[in-house]
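[1] What shape does this take:
(one chain, ligands or ions: 3)
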Amino acid sequence: MRGWLSVAGGLRDEDWAIRHRLLTLLLPISIVPLTLFGFASGGPYSVWLLSVTLILPCLAGAALLRPRRLRSILVAVGLTVACGGFVVLGGGGLTEPHFSFFIVAAALALYRDWMPFGVFLTGTLVIHVANDHRSAMLHPWVWVLVHGLAVLTAAAFHVVAWRLSETAERRAQDDLATSQAQLSMAFDETPVPMAMYAPDGRLQRCNPAYRSWLGLPDQLPPDFAITDLPLTRVGHERGTYLSEVLSEPDASIKDIEAYRRHDDGSLIWIETHTNGLRDRSGRLQSVFVHCRDVTRQQEHEAGLRRQVREDSLTGLLSRSAFEQDLVELLATNGDPVSVLYLDVDRFKTINDASGHSGGDDVLRALAARLRLIVPRGSLIARLGGDEFVIAHPGPIEGGLDIGRAVLASLTQPLPLAGGQVQLALSIGLAVAHDPAQTGQAMQAADTAMYSAKRAGGNRLEIFNDEMRVVVQQRITAESRLRQALDGDRMATLPVWFQPIVSPATDLIVGAEALVRMRTSEGEILAPGHFIAAAEETGLVVPLGEHVLATALSRLQQWRHELGYVSVNVSPRQLNEPDFVPTLARLLADSGLDDPSRLVLEITETALLSNSADLQNRLHAIKALGVRIALDDFGTGYSSLTWLQSVPADIVKLDRSFVAGLAHDSRKESIISAVLWLARSLNMSAVAEGVEDLADWEALRAADCPAIQGYFFSRPVPAEDFHEMLTPLRRSSLKTA
Ligand code: C2E
Ligand code: MG
Ligand code: MG
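    Ligands and ions are numbered 1, 2, ... in the order given. Next up, the predicted model:
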């Protein structure tokens, strides 16, 4: 029973005060009906007077005294007196005055306290004992029971109501305690610095991590505010820490900013997450702040950004930084910008000669020289490899001056740790006008640079539309070539043959295999249209394999009629690591009995990178028994050392060297000397590009072993060439 009963009390002071004020008010109010009823019922006035006299001190005590319980007892006494007054004034027998007991029972239940409630119940019983109507006089205890029971039952329900609401409250309190414990755990135990601020900036609560991170004392003054934190937002007045967050705490905000810490003056980066906590009416109550010290991360990222902006070898701008800055330069100035694309001529040779780190030194020295020449306000970047780019705002003349100055400066060798090096550059210039077209401008400058390179290097070319056409043609050539390689190669990439003839016998001794391309429209294209693109894209590798396989199979087919076939091998092909194994496989597949009947023609450009690797490769080719011819001898940078350093069997004298020799005695002398040299080096020779009888005769007179040229025959399809090999044709030629 005790356990079940309400523990009573337990109202918080502010809740109790509201209820007490209301119940105290009932005391003066009760005087009004008491007075009206007293006079209406005609007395006895002494009862009215007694009631009022007792109620008024209760009212004064309830209003003025301190102890909570005493005040509530005084209210209970006052109200019990009022109820008694009603009953006695009603003559005791009247039922309605008794209603006041039920009203007061309900009213006093608001205290949820046994004391005033008990006082009231006792008073109720006493009043009923003292009641003097007749029946009550005769059977006082029956009446006490009848009246008392009714009031007690009403009171009992109030007690049940207390009890039930107490249970509900306790549950709510338990829930609250649990969530508070969870909050404390999450808030106080976390290593993440956290704080709660009132909307006016006062600190409401913070966790130990926050305190130790900011070096705050354990006990903070109660009015400690956000502005008192030992931090200043960089670039702002002191005290602006998080102020913008407090001014706009609606959404969850994530922010990373730099702050200066006062004590040690260090700069720290803080990531703050803030959330505004609002009450039911939407008024802001607190701002939650979670902080993370992201200084390290921020410094790391800044380091990375710096690295990305800088070319690590030279310290110049990187490609991406250059592209960004070029856009900015165009956007801010409104001036045109000259873009100069620079590429070192024959850098590979320098790199091969001086080793990789030597090559790096050269690039660094070149970067230093460029820095001296390029004025402030311009950009210089290394795009990778031996490619550099300069952007100079203003009219094109300024860009041209820089380009010329760069070329002029390179007439002086670059100083290196172990000596010095002489460089030449090819430079392409294009003008950019629009930030949206920087990519095109760079491409145009690149194209112009290529054009400078093709013209022999060590020069500057300004981009023009013709170059654009060349680039367009290159793109077309590439796509055509891809298509041809994907199709039936015998049809799309037929191999034609041009006879190589002995002027002494007029007999065909060999043939050069020359590839052609048949377009989808049926047009036959010479290699000039696609070999350069094939070389640049690397498509020359599958193309060359096709030519080699076809030439070998034809040679096998004409083995009784033709001495040898000569096949062109491009520098790119020769540089492929598995060139020799592929060659060996194709030779084996062809079933050719004598590998010396295959001649590989290599140009001097292929030999420019005269590395040990290439030498090994040439010797490996020789070891297979295949012969090597030096193609286009007499063009480019050929020197007699080539003849000595390459294990070649045949020298092919270039057309530019040969044509017109009959009418040019100097040419004739040179040819004779080269032929003599070849003979003494145990090499054979073929004169290319012989178009007329005079040259033919002159070469025959000079004892040239073999001749190739339009005079005898142009390159022709395989079937036509085979016809030329028939004895009939040969003899008819002889008689011709
Ligand atoms: P090349 O190896 O020097 O071949 C000789 C070129 O001179 C051929 O041009 C031939 O048609 C041309 N020619 C021969 N006699 C005369 C003449 O009397 N007068 C004139 N004006 N020209 C003559 P083509 O077939 O246009 O080939 C051009 C170049 O393309 C070749 O020069 C060679 O470097 C390259 N090439 C051809 N086929 C292949 C191939 O299968 N692979 C590789 N990598 N390059 C090839
Ligand atoms: Mg050739
Ligand atoms: Mg040639």
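[2] Distance of the residue lying closest to residue 644 once chain neighbours are set aside relative to residue 646?
    Nearest-residue entry for residue 644: residue 681, 7.6 Å, with adjacent residues in sequence omitted and distances by CB to CB, 6 or more residues apart in numbering. Where you see a C-beta, it was placed from the backbone N, CA and C, and this is true even at glycine. For residue 681, the distance to residue 646 equals 11 Å [CB to CB, to the nearest Å].
[3] Residue 673 now?
    For residue 673, the distance to residue 646 under the criterion CB to CB works out to 19 Å.
[4] same check, this time on residue 481
    Noted for residue 481: a distance of 29 Å to residue 646, by CB to CB.
[5] right, and the residue nearest to residue 644 touches residue 643 too?
    Yes. The pair formed by residue 681 and residue 643 meets the contact definition of CB atoms under 8 Å, at 6.1 Å.
[6] who has more neighbours, those two?
    Ranked by neighbour count (other CB atoms under 10 Å), residue 681 and residue 643 place residue 643 first, with 17 against 13.
[7] Show me which residues of the protein are close to ligand 2?
    Taking CB under 5 Å from the ion as the contact definition, the chain meets ligand 2 at 568, 601, 631.
[8] Narrow those to just the buried residues.
    Listed as buried from these are 568, 601, 631; burial here means 16 or more other CB atoms under 10 Å.
[9] quick one: which of these sit in strands?
    Per DSSP state E, strands hold the following members of those: 568, 601, 631.
[10] Could you tell me which residues make contact with the last one?
    Neighbouring residues of residue 631 by CB atoms under 8 Å, 6 or more residues apart in numbering: 568, 601, 602, 603, 652.
[11] between these, which is nearest ligand 3?
    The shortest distance between ligand 3 and any of the contacts of residue 631, using CB to the ion, involves residue 652 and amounts to 5.3 Å.
[12] Point out the other elements, helices or strands, that the helix or strand hosting that closest one touches.
    Per DSSP states H and E, residue 652 falls inside strand 650-653. Using 3 or more CB pairs under 8 Å, 6 or more residues apart in numbering; DSSP states H and E as the contact criterion, the elements in contact with strand 650-653 are strand 627-633, helix 665-680, strand 684-687.
[13] For the last one, which strands pair with it and how are they oriented?
    To tie it back to what came earlier, the one meant is strand 684-687. In the sheet, strand 684-687 lines up against strand 650-653 (parallel), strand 706-707 (parallel) (DSSP bridges).
[14] just how off-centre is the longest one within its chain?
    When you say that, I think you mean strand 650-653. The offset between the C-alpha centroid of strand 650-653 and the centroid of the whole chain comes to 56 Å, using CA atoms, centre = their mean, to the nearest Å.
[15] Could you check that strand against ligand 1 for contacts?
    No. Figure legend: strand 650-653 not in contact with ligand 1 (CB under 6 Å from any ligand atom); closest approach 7.0 Å.
[16] that older thread, among residue 481 and residue 646, which residue is more densely surrounded?
    Relative neighbour count places residue 481 above the other of residue 481 and residue 646, with 24 against 18, counting by other CB under 10 Å.
[17] correct me, but the more buried one touches residue 540?
    No. With contacts defined as CB under 8 Å, residue 481 does not count as touching residue 540, sitting 9.1 Å away.
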